Structure formats: C-alpha cells, structure tokens
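Just a sequence and a predicted model for now, questions to come.
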Amino acid sequence: MSHKILIVDDEPNIVISLEFLMKKEGFQIAVAGDGEEALAKVASFAPDLLLLDVMMPKKSGFEVCEALRADPANSALKIVMLTAKGRETEVAKGLAIGADAYVTKPFSTKDLVVRVKELLGAA
Amino acid sequence: MKAKHRFIAAIIVLGLLMTGPFCVTSLLIWLDMKEAEREMLTQLLLQRLPIGTIMTLFGFGIGVLVLHKLFKQYVEGLLRMSETLRLMLGANRNFRVTPEGPPEVQQLAIAANDLAEQRNQLMDDVDAQIARAKASVEEEKNRLAALMSELAQAVVVCNLDGRILLYNNRARLQFKALAQGPTSVSGGALIGLGRSIFSILDKSQVEHAQEVIRGRLAGGKTPISNFITSTRGGQLLRVQMVPVLAAGNDGEQTMSGLVLTVENITRSLEQEARRDQVMHTLTEGTRASLGNIRAAVGNLIDYPDMDTDLRERFVKVVDDEAAKMSRSLDQTMGEFSDSMKTRWPMEDILAIDIIAAAERRINDKLKLSTKCEEIDDALWIKADSYSLVFALTFLASRLQDHYELRELRFRLTCEGKLAYLDLIWAGPAMSSETFYTWEMDAMQIGSESSPLSLRDVIDRHGGEIWYQREKAAHRAYFRFVLPLATPEVAGETEERQRGTGRPEYYDFDLFSTRDTTIDLDRKLSDLAYTVFDTETTGLEPSNGDEIIQIGAARIVNNRLLRQEIFDQIVDPEIPLKPESIPIHGITEDMVLGKPNIDIVLPAFHAFCEDTVLIAHNAAFDMRFLQLKEDRTGLRFTQPVLDTLLLSAVIHPNQESHKLDVILERLGIKIGSRHNALEDAWATGEVFLKMIPLLEEKGIVTVRQAIEASAKTQFARVTY
C-alpha cells in the first residue's frame, strides 16, 4: 500500500506543484487549505506524512505541529515543515516542537522528494 | 568716661593744682604761728586778698583756655577723624579726612589718607580681578550654553536624585512638542530646573540604566547605557545615558550625576517598521513566489511528457508568480527609498549579566528563589537588557501565579550562533493556549506594566521562544533563543582613558543643588516657588466671575527663571464685561477657541507641583482656584505667600501696598506690565528683593513669613 501524504498550504500555486509531484511519486494525496482543516484531515485521512506550511490563516503551521505532537496517537506521523521564513531561530523552533524536517522555500523538487522518501523509509 | 566728663575733671584738677599748694602751705604756717603773728598775717592778707584772688582767677582762666584749646584740637578732632575713618571704612571709601588742627593731628590725618588711598588701590585691584574671573566664568558658561544649544540632540543633565540641573533648548522644544493632553497648553511645563526628570522618563528604566552603568564602570568598560522609553502619549524616546564622574575620597571615581541625550524616535521607528515590512516582502515574499516557480519548473523539466492541460497550468503558475514578484519589487523599491535606518538600541551584553539582573528582580519583586543550572558564562548576546529582564520577570510572575512555584531555575547554553536561555520549573504541563495569551498580552508584573508583549520583546531581539517539557524530570521550561553577539574588546580602554579628565569647556559646579521639597522650616531662599497672577472677568469670584488668563514663572535657587513660564488665555465661557476689557486688555476675539478652565487648571496644577505659590494679593487669586476645586477635583494644597502681606510686614507704616508702589519703593525697574505673565514676573522680582528685608526683621523661614503675614491687618480681607 502506498504512503499517504497530506499537503497543508493556503497557496494554490504551490499546492498544484506539490500535488502533481507527490502523485507522480506514487503517493496518495489529500490537500488542506488552512490549519484547522489540516487537523480535521489528519483525523479523517490518516496520512503518514504532512507537508506543512508555516504561514497560514486560522492556525499557523507551528500551532498545527504542536497540536499534533500533543497527541501520542500521532507519534508515528512525519511532519515536514515548508516555509518562506528562513530565520535560524524559526528553524530551531520548528524542530524543537516536533517537526521531522524543515524545508525553506525555494527548494529543489528533487531534494524534497528525497527527504520525503527518506522519512517514510521508502527510498 | 565721655570726653566731656573728662574735660570737666581736667578743669577741676587744674583748679585744685592752682589753689591747693598755697592753701596747704598757708594752713601749715598758720598752725605754727603765735596769736600775734596770726593777727598780723590776717591783716596783711586781707589787705592784699583781692589782688591775689584776681591773679589766681586770671591764671585759672588762662589754664582753662589752654585746656579747652587742647581738648578741641586733640580729643574732639581725633573723635571727628575716627568717624570719618569709619565712613571711609564702610559706606564711602572715596571720602578723605581734611587735615586740620595741630601739626601732629594733621600728620595723622595725612597718614590715614595715604593708607586709605593704598587700600583703595588694593580694593580696585581685587575688584578688577574678581570681575575678570567672573567674566571668564561667564564666558565659559556662555560657550557651554552655545555648544549645548547648537546640539541637534536634546541634552538634559540631572543629579542622582533625578533633579534637572541643566537642559538645552532642543530638550525644551522636544518635551514641549511631546507634552500631551492638558500640558500641551502649558508650553512644555514639565521640563525645568530643579524639576524631576521622572515626570518625563520612567523611573525604573532610568534606575536600571544607572545599574548598567555602575556595572560597566566596575567592569572597566565605557560607562554608557541606552534605553527606549515610551511616554504617556505613546511617543517613543531613545535615551542615551552617561554618568558625570567625580573623584571620590579614595581617588576612585563615583557617579555624581547623569547626562541624558534624548531623541524622539517615534517617527523613525515607524519608518523602521515600514522598512522591516519592505525587507519582509523582499525576502519572505520572494521566497514563497520563488518556491512556487521552482516547484512548477521542476515538474515541467522532470516530467516533459505531461499532458498539455497540466503543462499549461504549470506555465501559468510561473507566469503568475513572476508577475507577482515584479509587482512587489516595484512597490518595495518605491517604499524603501524614503525609509530610514533605525534600530532598537541593542547592547552587547554578557548573557549571564541578564540572568543575574533577572534573578535579583525575581527575588526582590516576587520573593521567589532562583537557582542556576548549567551556565555558559562566556556568552555575549545582543539585547535590550531592560525589556529582556522585564520579560523574564514577567514569565516568572505568571508561573508563580499559576503553579505556586517554590523555585525557578536558569540554564544558559549555546548552539551554533544561538544562545539558549531556559527558564525551568517543576510542575504539570501547560496548554499552548495559555502560553499563547502570555505571549501576546502586554506584560504586567504587579503594578508595573509594559506596553510591549512578550512576543514584541522576542521579535525586537530577532529571537524565538517556546515551551518545552522534560518529561523524565517532570519539569518544563521556556526557551529563549537569542542571536549571539561578538563581544566588544578593542578600543574600550583607550576611550575610557580619554574620558576621565574633567571637560575643559566648563568649570562651574552644577551638582551642589539643594533639596527643594517644601518644608515650612526651610529658609526662604532655599525653596522653589511659582509666582503667578490671574486676569479675571471681574472682582467677584463668588458672584460668577471667571479666570481669563493665568501667567506664572518659577523661582529656583533664588533666581527668577524667565524661560520656564506658564502663559495661557482661558475661555471663561461667559461674556466678558465691556468695562473690564481696558483693565486686562483681553478681548472676545482673544478668548475665542482657547481651552477652558477644565483643561488649563490641570496643566497649571502640574506646573506648580512641589513649589510654594506666590501672588500679589494672593487671597483673590486663590479664591478663584478654590472655587474650581469641585469641578476639576484639583486642590492647591501647597503653602501660599502674598507679596502684599509681606510688604505690610516689612513696611508697616506705609499707606499703599499696591504692586506699582512696591516696585517703586524697592527700586525695581521692569519693562512693561500688561498681562498676567508680566505681573507674575514683577511679583517674582518683588519677592526676591523682599527676602533679605524679611531676614532683617528676623523672618527667615516660610513658616515665619506666613505667620507674620497673618498678623497684618490686610490678612483679614476675604473674597
């Protein structure tokens, strides 16, 4: 069975690329447009990995991450944070609150695929 | 014995000398004689008695004349001369003794005159020297004043109690512009000699800066501290503080005062915020767009065989994002050009010093004990220490409120270019919502509050903060992540060496100021006063007459300060009486649009805070102020002196104690007197002249002056 990935981002221009890319790599994809929707989709879709944008309306990526990590049921869920915020302090925060990887935009699609596969143990 | 008595005694002695020996000899011979001889002698004597008596009287007369002449010349002449000498000694040193009388006396007079001449020259010399010295001091003062007034920065010098000793024009203008609400009508009343700097700047921040300076002094670094403070009106001031150092007893330097340069950075900070926004759109905005383009292009390249529809969509993403980036670039360039570079003043500081300061505050304020775990004592961070210590204390107080902590621990580590400052406590988990409100609400510790939130402080430092649990140890911590700074080393000592000498461009001692708080038993010359005068619509305050003008000036250190004034026309909200207009010269046009008494009185109240009030016929003016007490809730409780009553104390036998008459009587010449301010100035001049006159009457303290005033007949007039 292929792995399931939930893409959480409010910008359609990046969602379209991520969705296409991950589908091509053979993953099952769901998309959430904001933080609250993301939490709901995690429950219903039960993804293996989250591509999580930091800057979103309603709930930020940090908050989503904290909320997910607060529940031990999600401990196996991998979280990759995608962000246009490039400051080191934010990277440190993301990793500290439980993200498995922190990818700064712009990123190479190939590298992203490699990171995702590594995390899912599918490489 | 008086000279006259001595003269009479001398005459008696002369008389005795002329008759005594003859009488005694005659008596002895008489006793020795036989009866017949005695009879013969009586006959002989009686025959020649008249001529003998006449000769004796004649001789006596000549003797008296000689005595009188001598007395006139030597005794009275010398007495006269001594009076003239006294005159020369005191009132008129150019007076000279007229040489007269016998040659000896004349010579004495000439010698005295010569001495007086010499003394005159010496005194002229001394006067000239004093004048020269004064002139050079004056010149130095003027040079300093010129130097200060030309400075683009506002400079305020105060002593360690925060009393202002010196300020420049720029400071006056700045604080005048800054004065908000009621004080905006008072012409920048809040800054003034002898006033407290803490009415302008936050006391705890100034004290914190002082502490920083002491620490830097002790550590051998340049003693300087920066901080940002916000005023009641929401303006932001950047303050740079350096100490005035004086040599202490053991040769060590001690702080005797503070020099503050103050800059209003509200506007530049707004620009800074805009600039930040610009930087943000240029970096993070670009990142997002570039990320979108890169992902789309990556797909286009990696999957060349995708269907046309999808390809179109990816090309559109690229086109879309490229256009977005061009737009934002144009926009940001436009905004960037007029933005200025300003920053919060961050100091390079040892992180351990921040922890030490925070521990002290937490122990003092919250009575909470603290401990340090692993501490890297060599970490330098870039920080605004005041706000950072405030933030740490704030978190400690929140934790104490929520978890009834017994102890709080600090940990300081570093990771790459980041310092980790952890605030650790033992206790249950906290929800992220709770922390979120702590992070976003304006900080408050007991009664102290800050306009900033924890988030603001963190953002200001370019740092981050989060909450983390150490499950195994059953405890949690807040981690402050702060960028490391490269510590300053070079240049410090050399700069310090240069700074130790006393500046050469001024030489007067600013710091011998006295305490000016009101104490009725202090000397009149030691206190700070507000002299004021009001113009009113009429003479009956109880019958609806209102104030239409308040003018006031301050007396500090026995000097009338003409630049620290309060001058305000007031809208009386009733029609002016036509007959009163020629008296005060204020017309309907002039009161139109002016603030009413509800606005002016609080400003005036602030202006005369901590001073004794002085007015001419004060009972009249005070009555107007008292009638407004209920309406404004302001009470003027300070002591009041009345120059009219004081004049009656000094010259009880004079008929008139009108201000004009007193001015003339005391020989005070002033310019025009047309309005409340000029009358207040005149009253001030009168009061300063009265202080020594009161002293002559044994009235030295404010209490004595008030008591003496109350005894005059004028004190019974009420309005």
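Thanks, I have it. Owing to the predicted nature of the structure, the values given are computational and were not obtained by experimental measurement.

Which residue is the nearest non-sequential neighbour of the residue in the stretch 51-200 of chain B that chain A sits nearest to?
Per Cβ to the nearest Cβ, residue B:153 is where the stretch 51-200 of chain B lies closest to chain A, at 33.6 Å. (C-beta placed from N, C-alpha, C; glycine too.) Counting by Cβ to Cβ, 6 or more residues apart in numbering or on different chains, residue B:153 lies nearest to residue B:261, which is 4.5 Å off, once chain neighbours are set aside.

my read: the one you found touches residue B:226, true?
No - using Cβ atoms under 8 Å, residue B:261 is not in contact with residue B:226, being 9.8 Å away.

mind checking the SS state of the residue nearest the centre of chain B?
By Cα atoms, centre = their mean, chain B has its centre lying nearest to residue B:194, at 1.8 Å. Judged by DSSP: H, G, I helix; E, B strand; the rest coil, the three-state class of residue B:194 is coil.

Can you find the helix or strand in chain A with the smallest mean pLDDT?
Sorting the helices and strands of chain A by mean pLDDT, DSSP states H and E puts helix A:88-96 at the bottom, at a mean of 86.

ok, residue 114 - how many residues close by?
Let's take chain A. By the measure other Cβ atoms under 10 Å in any protein chain shown, the count of residues near residue A:114 is 12.

ah, no, chain B please
Neighbour tally, residue B:114, other Cβ under 10 Å: 10.

and if you look at residue B:166?
Counted with other Cβ under 10 Å, residue B:166 comes out at 18.

How confident was the prediction at it?
Here the pLDDT value assigned to residue B:166 is 81.

Adjacent strands (with direction) for the one helix or strand it maps to?
Using DSSP states H and E, residue B:166 sits within strand B:164-167. Strand pairing for strand B:164-167, determined by DSSP bridges: strand B:154-159 (antiparallel).

Quick check: mean pLDDT of the partner strand?
86.

about what we covered before: and the next helix or strand after the strand holding residue B:166, which residues are buried?
Remark: after strand B:164-167, the chain's next helix or strand is helix B:169-178, criterion DSSP H and E. For helix B:169-178, the neighbour count (16 or more other Cβ atoms under 10 Å in any protein chain shown) marks B:170, B:171, B:172, B:174, B:175, B:176, B:178 as buried.

Pick out the most distant pair among these.
The span of the buried residues of helix B:169-178, defined through Cβ to Cβ, is set by B:170 and B:178 at 12.2 Å.

I'd say the residue of the stretch 51-200 of chain B closest to chain A and residue B:173 touch.
No - using Cβ under 8 Å, residue B:153 is not in contact with residue B:173; the gap is 11.6 Å.

Low-confidence regions, the stretch 51-200 of chain B specifically.
Counting by pLDDT under 70, the stretch 51-200 of chain B has low-confidence residues at B:90-91, B:145-146, B:149-150, B:152, B:177-190.

Contact partners for the residue nearest to residue A:49 when sequence neighbours are not counted?
In space, and not counting its chain neighbours, residue A:49 is closest to residue A:78: 4.3 Å by Cβ to Cβ, 6+ apart. For residue A:78, the contacting residues are A:48, A:49, A:50, A:100, A:101, A:119, A:120, by Cβ atoms under 8 Å, 6 or more residues apart in numbering or on different chains.

Torsion angles phi and psi at the last one?
With angles defined as degrees, to the nearest 10, residue A:120 sits at phi -90, psi 0.
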